Structure formats: structure tokens, C-alpha cells
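Trainee: sharing a model that was predicted from the sequence below.
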Amino acid sequence: MSQHVPSSPPDIRIPASLLPSDGRFGSGPSKVRPEAVAALAEASPTYLGTSHRQRAVRSMVGRLRSGLAELFHLPAGYEVVLGNGGTTCFWDVATLGLIERRSQHLVFGEFSSRFAAAAAAAPHLSPPEIIESPVGTHPESRPNPDVDLYAFTHNETSTGVAMEVRRPAPAGSGQALVAVDATSAAGGLRLDPSQVDAYYFAPQKCFASDGGLWVALLSPLAVERARSIAASGRWIPPFLDLVTAIDNSAKDQTYNTPSLATIFLMVNQVEWILAQGGLEWAASRCDRSAEILYGWAEASPYARPFVAKPSERSHVVATIDLDPPLEATAVTAVLRANGILDTDPYRKLGRNQLRIAMFPAIDPEDVAALTSCIDHVVGALDERR
């Protein structure tokens, strides 16, 4: 659907007493904690502008890898691997280095569709099996003996749908991998790591950093698969070679120069979450924000959660539909003019809705304040109609 985008927002001032302490609710890039930025500035004289092969940077990468292993309670043998390029890059890495012959993809939004498209375009692979469901829902995996990698998404950032991470029932005698896109889920939703072989994500969501880096938690089976494919003679560019990333990560470095600020900010966020109580603390904090936001939407006379099933509603990215004639573009424009940022819906979804991040860095009290601000804006817009 097309929406009217106001050339300038209505002049509506939200009272200061209603405003959140921090107005950043973007679904990525996300809010970066001011304390992390201050820590980066303090460390910058001996950290920024340093070769990523030097001890100052390699020790930071080591802290990131050990911190993530602790945060996710990784089983023995699992590896924390990282490389440049973000999740978009990792889809190509996995297409070249983890899918042996054929994959199955659950598609229920923009981002889950992209890995499926990459696998479908790969000339060295058989056409993938694609299981799709309407936006606002998620499909379920089906055991298939012809599949050697099952791919799905823990949290579909475009639609606000989350699904449980669990292995499909065994099919056939082969050992199929489970690869889960956790870009907006990792660090905010609970995980049993034994259910996955590749849990991959980027830093600009729950980890309150900038983009451009991918991180993958790999099981021994996934590492073995990557080495087996590399040894088979399949052509893989070095930048997209998962084995190259695995071997470099074991040395606490990346294949080529990363953003040092991104790594530092991510380490700061990981260690902050650990100090507060770990993944359970972070997930519980997101639970509180979700309870506030969805509870408000369900009680509202003009708003409602887009995702119908409560069990499928994300606790890190919420999508809230607004009833016509109220225009979401008008609401988000007024919010932005008052310092409340990035509550716009995902552009390709094309719905009259708000999309609001509830990542661990975002205070649940600020989520509550946001609902009061939305009510104020809607009331003021109603008075002008």
C-alpha cells in the first residue's frame, strides 16, 4: 500500500514529561549505549588506528569470542568465528561453504527470503526447497532426506515474527546442518545452542554496535562440513571462504581489516550483558518491553499487534498496525521531530504500521514512555482532523 508522506510534520510538541530518556528505537542500526561510546573514546589513543594484527586489537577480538562463548553457554567444540561483510555476506559464505548439495529454507519475510535467493542462484547447488508462509506468520521445517542444510530465521526483522530454534526431526541417514539467521535475535532471545550448527548474526541489533561484521557460532559438525567442502575443490573466493575465517578467528583476527570501533562497541555490550546476568537477563528485559508494548497495543482503540499469534510475536522487534484514517507516516514524522527516532515500518512490507525495537540496550521504561508519546501524538492529530 502507498502512504502519504507529509512534506513537513504537523507542529505538535510532546511534553517533556512524556518523552523517553533516549529516543532511539531503530531496528538496526540500533541504539548504542552512551557508556560504550565514552569507553571507546577513552581507549581510542591506543586502540583506534592500530593494525588488526597487533595485540591491542587481537586481545579485543579474543574478548569478543570468549564473551560470546560464555553468553551463549556454547558446548565443547563450538567455535566463535567472525568476518567482514555482515549477515548479507554470510549468506554467500554459507552458500559456498556450508551447503553441500541442497538446502531447505523457511521464508516468512524479506530477510529470510534473501538466503533462499542466494542458494537458488548458486550454479553448483541443486534448487533449494522453499517453504513459505504469509508475512506475520512463520512456517515449519519438514524433514527431507535430500536436504543437507536447514535454514531458518530466529527473528524476522521485517515483520516482527519470531520462531523457536529447534532441529527438525531426523530424515535419512545423513547429518544435515541447521543454520539460523539470528541477526536481530542473538543476545535478546533465548537459545539452546545444541539445536543449531551455525547461529549467525551481526552487531547492529541486540549487540548495540555498528554493522559490517558477521559472527557465527559453529558446531563441530559445521566446521567439519566447511573443511570437507573446501577440500573437495569447490572454488571459493578467499573473502568468502569459511575455512579462512575459521582459521583466522582461531588467531583472534579477521582475514582482512575490520572496523575496530565496531568490535570494541560489541565487546562492551557483550560484557555489559554478562555483568547484568547474561542471556537470561537480556531476554527477560526484552520480555518486559514486549509485555508493555503489546499490552498497550491490545488495549488501544486505534492500534493492534500485526502478528496475530502471541507465541509468534517477537520480543525484540514489534510491528504495530494503526487503523485508518490514522496515517503511520504522520505519527512517525511527529515522533522524529520530537527526538523519537526510527519507528517507521519496514519499507517493503508496505503497511500502515510502526516498527519498534526492544533490544537489551533499550530501557523498558523508555518503551512505556514511547506508548504515552504515541497516544499524545494521535490525540493531537485527531483534534486537527
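Mentor: Structure's in. What do you need? Nothing here was measured: the structure is a model prediction, and the numbers come from that model.

Trainee: so what pLDDT did Ala171 get?
Mentor: Per-residue pLDDT puts Ala171 at 57.

Trainee: which parts of the stretch 1-150 of the chain are strands?
Mentor: Ranges of strands in the stretch 1-150 of the chain, per DSSP state E, counting those that start in this stretch, are 79-84, 103-107, 129-132, 149-153.

Trainee: check what contacts the following helix or strand past the last one and list those residues.
Mentor: Stepping forward along the backbone from strand 149-153, the first helix or strand reached (DSSP states H and E) is strand 155-156. For strand 155-156, the surrounding residues in contact (CB atoms under 8 Å, 6 or more residues apart in numbering) are 108-112, 138, 161-163, 182-185, 188-189, 314, 316-317. (C-beta placed from N, C-alpha, C; glycine too.)

Trainee: those in helices, which ones?
Mentor: Secondary structure from DSSP state H places 110-112 of the contacts of strand 155-156 in helices.

Trainee: from the residues you listed, which would you call buried?
Mentor: Neighbour counting by 16 or more other CB atoms under 10 Å classes 110-112 among those as buried.

Trainee: closest to Lys251 among these?
Mentor: Nearest to Lys251 among these, counting by CB to CB, is Phe111 at 30.8 Å.

Trainee: could you measure from that closest one over to Phe201?
Mentor: Note on Phe111: its distance to Phe201, by CB to CB, to the nearest Å, is 11 Å.

Trainee: what touches both of these two?
Mentor: Residues touching both Phe111 and Phe201 (CB under 8 Å, 6+ apart) are 87, 181, 183.

Trainee: closest one of the ones in helices among the contacts of strand 155-156 to Pro45?
Mentor: Using CB to CB, Phe111 is the member of the ones in helices among the contacts of strand 155-156 that lies nearest Pro45, at 38.1 Å.

Trainee: check contacts around the closest one.
Mentor: 87, 153, 156-158, 181, 183.

Trainee: quick revisit: closest one to Ser30 among the strands of the stretch 1-150 of the chain?
Mentor: Of all those, strand 149-153 sits nearest to Ser30, with 17.6 Å by CB to CB.

Trainee: model confidence over the closest one, on average?
Mentor: 97.

Trainee: in that strand, which residues are buried?
Mentor: Quick answer for strand 149-153 (16+ other CB under 10 Å): 149-153.

Trainee: repeat that for stretch 214-222.
Mentor: 214-219, 222.

Trainee: wait, a helix at Thr257?
Mentor: No - secondary structure assignment (DSSP: H, G, I helix; E, B strand; the rest coil) places Thr257 in coil, not in a helix.

Trainee: now it: how far from Gly49?
Mentor: According to CB to CB, Thr257 and Gly49 sit 11 Å apart.

Trainee: compare the two (neighbour count), which wins?
Mentor: Thr257 (12 against 8; other CB atoms under 10 Å).

Trainee: hang on, the more buried one packs against Gln54?
Mentor: No - Thr257 lies out of contact with Gln54 (CB atoms under 8 Å); the separation is 11.5 Å.

Trainee: for Gly28, give me the pLDDT.
Mentor: pLDDT, Gly28: 84.

Trainee: what's the closest non-adjacent residue to Asp148?
Mentor: Glu100 (4.5 Å; CB to CB, 6 or more residues apart in numbering).

Trainee: distance of that neighbour from Asp146?
Mentor: From Glu100 to Asp146 the distance is 11 Å (CB to CB).

Trainee: re the thing from before, closest to Ala208 among the buried ones among the ones in helices among the contacts of strand 155-156?
Mentor: Scanning those for proximity to Ala208, where the rule is CB to CB, the winner is Phe111, at 19.4 Å.

Trainee: for this protein, what are the low-confidence residue spans?
Mentor: 1-7, 171-174 (pLDDT under 70).

Trainee: what residues are up against the residue sitting nearest the centre point of it?
Mentor: Closest to where the C-alpha atoms of the chain average out (CA atoms, centre = their mean) is Ser184, at 1.5 Å. Contacts for Ser184 (CB under 8 Å, 6+ apart) come out as 27-28, 155, 157, 201, 205-206, 314, 316-317, 359.

Trainee: circling back: in TSV: the buried residues of strand 149-153, plus distance to Ser21.
Mentor: Shown next, in TSV, are those (distance: CB to CB, whole Å):
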residue	distance to Ser21
Leu149	44
Tyr150	42
Ala151	39
Phe152	36
Thr153	31
